[in-house]
Structure formats: C-alpha cells, structure tokens
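K.L.:
predicted model follows, preceded by the sequence.
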2 protein chains.
Amino acid sequence: MEKGVLRAAATRSALFSQLPPAETSRLLDASSLRQFPAGQALFHQGDVPEYLFQILSGLVRVTQLNSEGEQITLRIMRPGDLCCVAAFRQRSYPATATAIKATSVLAWRTNSFVALTQQSPALADNVVCIAGDRTREMLQRATEMTGKCIAQRIAASLLRLSAQAGVRTPAGIHIESPVTRIDLASMAGLTYFTVSRTLSAWQKQGLVKSGRHRLTILDISRISEIAEPRIGAG
Amino acid sequence: MEKGVLRAAATRSALFSQLPPAETSRLLDASSLRQFPAGQALFHQGDVPEYLFQILSGLVRVTQLNSEGEQITLRIMRPGDLCCVAAFRQRSYPATATAIKATSVLAWRTNSFVALTQQSPALADNVVCIAGDRTREMLQRATEMTGKCIAQRIAASLLRLSAQAGVRTPAGIHIESPVTRIDLASMAGLTYFTVSRTLSAWQKQGLVKSGRHRLTILDISRISEIAEPRIGAG
DNA sequence: CGTCACCTTGATGGATATCAAAAACCGTGG
DNA sequence: CCACGGTTTTTGATATCCATCAAGGTGACG
C-alpha cells in the first residue's frame, strides 16, 4: 500500500475532523508510520505510554488482565480508531493492544502529541470528544456486565463486536476478526461452554451463524432486543 | 459558606491545575454557583448536556439504568471532582447524577466551556487528563465485573467507595456517604442478601464494621487482597 | 412505645461453572 | 483424494454458587 493513500484515509478519521489544512499536515508530519505483524503487541498493560496510535489498516484487540489472570477482551479497534486516548496522559497503559491481523498505524510520541494539542484547539477538542466516547462506551459496558441473565451479556458483546469489527454482507453482519468461543466468553465474563450452548441455541433460531473462528449475525434486531429488553428510555 | 472560600477550594482541583492566573479567573468568571439539596438530580441520563459541573461541597452519586431497569451506581463524586467530562461533548448524558447530601457546584454551560478550552491549551490538557482518568477507571470497573467470584466484586466496590467517599479515621476508612446494602449490591451487580451475608462474614473477621447506613473499612490491605489476589504485575 | 425502613438469617431452587468426553473442523502430508 | 493430528466446538452429567422467597430481628425516629 502507498503511504499517501494511507495518510489520506487517516485524515478522514475523528482525530482529524474539522482540522484546518495547516494543522492536518503538521499532525501528519509529526507522525511516523509503523507496521505490526499479526500477533505482535502495540503496547503492554503497565508499560509507560510512549506512543499514541491511529490505526490505518488491520485490526487490533485491546485486552486487560483481570484478577484471575485471564485476558479480558475490552474492544476491537479498526482503521480510523485512535489507540489509546485514555493512556497518553497517564503513567501507564491500562491495557494491552495486540494486532489481530497485519496492522499499520500512524504513531506519535506522547509528549510531541501533547505539544501538538497545545498548539491546536481544534485537535484538543477532537481528543476530548474521542475520550468522551471511549469513557461512555466503557461506562455502558460496566453496566451491562451487572445484568444477571447471561443471554443479555452475550447479546451485548455481539452488538459491540458488530459495531467494532462488523462488515455488512448480504447474509448479515460478518465479524471480520477471528472470534473463538473463548474470546466471546472473555468479553462477556462467562465460560466458553456457556457461550457455545447459547450460540448453538441462537443458531437453531436463525439469529446467528457461527463456525470455527467465524461469526455472522443474521438477525441484529432480535439480538438487540435480547441485549436490551425494552423498558423506558435509552 | 462564603463564595470566595468555595472558589478558592475549586482552584485547587485537577481542572485548575497549572493554570495561569489569568485563565483561572476567566474560568471562574464564566462559571455560576449552583446549589442542590439532597436527593435532587444535577442531570438525568438521556438529557442533552447543558452544563458541566465541578463539585465544591457535598456528595454526588452517579447512576446508570441497566437493562433490567435498575439504577446501577457507577461512582460517587466528591468536592474537586469534575462531572461529567464524558458527556459535555456528547449528545446526551450517559448517566444520572444525584446529590446525596446538600451539594454546591460551579457550573459552566457546555458551549461556553468548549470556547474556554479552545482559548486555553492548559485547560484543554487538564480536561484530557481527567477524561483519561475516568476512562481508565471505567475500563477497570468493566474488567472487575467479569470476575466470577462475588467476594472480589464486593471488595473491589469497597475499594472504589473508599477512594471516592472515604475519610481516614483512627479506626479505619469511614465511608461518608450513607451506604445501604442495596447501594453496594447495585455497585457490584448482586442482590443485597448476598452483600449482607458477605459483609457479616467480613465483620466477624474484623475486615469491616458496618451498621445501618454506616460502613467502615478496618483492614484495607486484606480487602485489597480479596479484590485482587496477587498474580503477576498490576 | 409503636411504626417503618433496613438488615440478618435460613431454606430452596435454578442457573451456570466445572468436569469429562466425543464430535466437527482445518490444515497437512501421504 | 483420503487419512491424520491438533485445535475448536459441542454436548452431557454433576456440583456449586447465588438469587429468590420467607420470616424475624434491629435500630431510628416520631
């Protein structure tokens, strides 16, 4: 792929939104292009934040170690996403980011990125917006996990996956990252046995289609209803 | 209480950190002082964000409605805390904030606050730092809730409470907000029966002391160990 | 001193984790 | 094309934990 093409794509993301041309090029000039093969970590939980990343191509899984020593999948990041807003002004990365596929990113050193935000109010505002989005998402995730019924937790995880790694196809929404039962279990806080049973049941009802590493959501509206049985407002 | 005293206190918070005097007064001048009696809401989940609040005195509970229609307590906010960074650039408040005690706040209209951040890089940076903190906290909360063992969830909730509403006393860390078993249950995603049983057991072991609406953590280190049995790194 | 709200404790059932084993899937190499 | 081995997934049996239901106790406050 061409550098120019990737950079053009980068500027269509939330980070570059509404930025004057001069600031766009300043931001691009300050970045470096980096590549990560599948399986390699962009950064590790606990490390001192050195870089801020914008994903250009590929797919990244963000995980956190829970108290039992398991890697909990927090979210999947795709091209256009900023990784990780929450950490670049903190003492350490709160999570680990690993490339699922071969991934290319724009990288900024944290301190030079801070300098850039100080020179550009529009950029600073974009960062605040993105950080707010991320907080909101994690807030909702935390609330979803308190739900008693497991079906709701799994359905919520599927919705999140479809938003973060879903591709519309004629058949339904296909999840492009390879998703094992173990991955889903770690997102929903369940065992993979339970996930398997639930998915089997849903497959019989035509809600999803899933095989080895593969997952397609056939009926997103019914999954949504399972995740959030209608009460009052949203 | 005097306005001047409250405002002096406000400027010692994270929002005003490292701000040049001129910007400090500009920020203060743009704010209005508002009071909320106990039980009144600062804002409701779903409403369009109109104000950003900095708490001067009192105590505020932030809750979110889960899919079963229960109010889940997400965190407690105390004087010095900014409420809510996650929402002021969003379409709606993701949660409800309610005064637990009589509470006074500095309030900024969201759009005038955005204007202020655009004029002050230092202020924008502070907001980014606070937003990062908040995201990180919710991230960790989301992970904690996936833990299977309930003792861990309750212990984690106690630690969070002690950080957000705890006061050091000779006897231990006293939680200043009135905490019912129901409140704790809504933080940990459990029933209040289970919380009651666990707290009773811990009281017999001398870890906590709790009565009607009252809660004191006697042995925070053992509670920490329950919340996070040591594995590798943190 | 009575009422109300909160807290405790016990008994029970159901949902889900755990253990165990077999089946499906995929890539590989014959 | 087919057989093989490892990994993932499915399914079943059992045990455990926690929600639920029920009843009684305790403290606060009028």
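P.N.:
Perfect, thanks for sending it. Worth saying up front: this structure is predicted, and the values here are computed from it rather than measured.
K.L.:
and stretch A:173-188, is it in reach of DNA strand D?
P.N.:
Yes: using CB under 7 Å from any atom of the strand, stretch A:173-188 reaches DNA strand D at A:Thr180, A:Arg181, A:Ile182. Every C-beta, even on glycine, is put in place using the N, C-alpha and C of the backbone.
K.L.:
could you check the pLDDT of the first one?
P.N.:
A:Thr180 carries a pLDDT score of 90 in this model.
K.L.:
correct me, but it touches A:His213?
P.N.:
Yes: between A:Thr180 and A:His213 there is a contact under CB atoms under 8 Å: 6.2 Å.
K.L.:
still on that earlier bit, may I ask which of the residues of stretch A:173-188 next to DNA strand D has the most neighbours?
P.N.:
Ranked by the number of neighbours (other CB atoms under 10 Å in any protein chain shown), those place A:Arg181 first, at 21 neighbours.
K.L.:
report the contact partners of that residue.
P.N.:
Residues in contact with A:Arg181 (CB atoms under 8 Å, 6 or more residues apart in numbering or on different chains) are A:Tyr192, A:Val195, A:Ser196, A:Leu199.
K.L.:
okay, now the unreliable bits of chain A?
P.N.:
A:1-4, A:6, A:230-234 (pLDDT under 70).
K.L.:
longest helix of chain A?
P.N.:
When chain A is parsed with DSSP state H, its longest helix is helix A:121-144.
K.L.:
any part of that helix near DNA strand C?
P.N.:
No: Helix A:121-144 lies out of reach of DNA strand C by CB under 7 Å from any atom of the strand, never closer than 13.6 Å.
K.L.:
can you count the residues close to A:Asp219?
P.N.:
15.
K.L.:
now it: closest residue in space that isn't a chain neighbour?
P.N.:
Spatial nearest neighbour of A:Asp219, chain neighbours left out: A:Leu207 (4.9 Å); criterion: CB to CB, 6 or more residues apart in numbering or on different chains.
K.L.:
counting neighbours, what do you get for the one you found?
P.N.:
For A:Leu207, using other CB under 10 Å, the count is 20.
K.L.:
returning to that earlier point: just the residues of stretch A:173-188 next to DNA strand D: which are in helices?
P.N.:
A:Arg181, A:Ile182.
K.L.:
quick check: the residue nearest to A:Asp219 vs A:Ser104, distance?
P.N.:
For A:Leu207, the distance to A:Ser104 equals 35 Å [CB to CB, to the nearest Å].
K.L.:
again with A:Leu42
P.N.:
11 Å.
K.L.:
could I get the phi/psi values of A:Lys101?
P.N.:
Dihedral pair for A:Lys101: phi -110, psi 180, per degrees, to the nearest 10.
K.L.:
quick check: residues of chain A near DNA strand C?
P.N.:
Going by CB under 7 Å from any atom of the strand, the residues of chain A near DNA strand C are A:Lys148, A:Cys149, A:Ile150, A:Gly189, A:Leu190, A:Thr191, A:Phe193, A:Thr194, A:Gly211, A:Arg212, A:Arg214.
K.L.:
domains in chain A, as residue ranges please.
P.N.:
A:3-138, A:150-227 (automatic domain parsing).
K.L.:
how far does the shortest one sit from its chain's centre?
P.N.:
Mean-position distance between domain A:150-227 and its chain equals 16 Å (CA atoms, centre = their mean, to the nearest Å).
K.L.:
what's the first-to-last distance across it?
P.N.:
End-to-end span of domain A:150-227 (CA to CA, to the nearest Å): 10 Å.
K.L.:
can you add neighbour count and give the contacts of A:Arg181 back as a markdown table?
P.N.:
Output for these, formatted as a markdown table (neighbours: other CB atoms under 10 Å in any protein chain shown):
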| residue | neighbour count |
| --- | --- |
| A:Tyr192 | 15 |
| A:Val195 | 24 |
| A:Ser196 | 15 |
| A:Leu199 | 20 |
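K.L.:
for those, which one is nearest A:Cys129?
P.N.:
A:Val195 (33.8 Å; CB to CB).
K.L.:
helix/strand/coil for the closest one?
P.N.:
helix (DSSP: H, G, I helix; E, B strand; the rest coil).
K.L.:
could you measure from it over to A:Met138?
P.N.:
22 Å.
K.L.:
switch the residues of stretch A:173-188 next to DNA strand D over to JSON lines; also include distance to A:Ser162.
P.N.:
Converted to JSON lines, the residues of stretch A:173-188 next to DNA strand D look like this (distance: CB to CB, whole Å):
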{"residue": "A:Thr180", "distance to A:Ser162": "17"}
{"residue": "A:Arg181", "distance to A:Ser162": "17"}
{"residue": "A:Ile182", "distance to A:Ser162": "19"}
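K.L.:
out of the residues of stretch A:173-188 next to DNA strand D, who's nearest B:Ser162?
P.N.:
A:Ile182 (34.3 Å).
K.L.:
go ahead and confirm the closest one touches A:Tyr192.
P.N.:
Yes: A:Ile182 is within contact range of A:Tyr192, at 4.8 Å (criterion: CB under 8 Å).
K.L.:
now do the same contact list for A:Gly32.
P.N.:
Just so we're on the same page, residue A:32 is Ser rather than Gly. Per CB under 8 Å, 6+ apart, neighbours of A:Ser32: A:Leu106, A:Ala107, A:Trp108.
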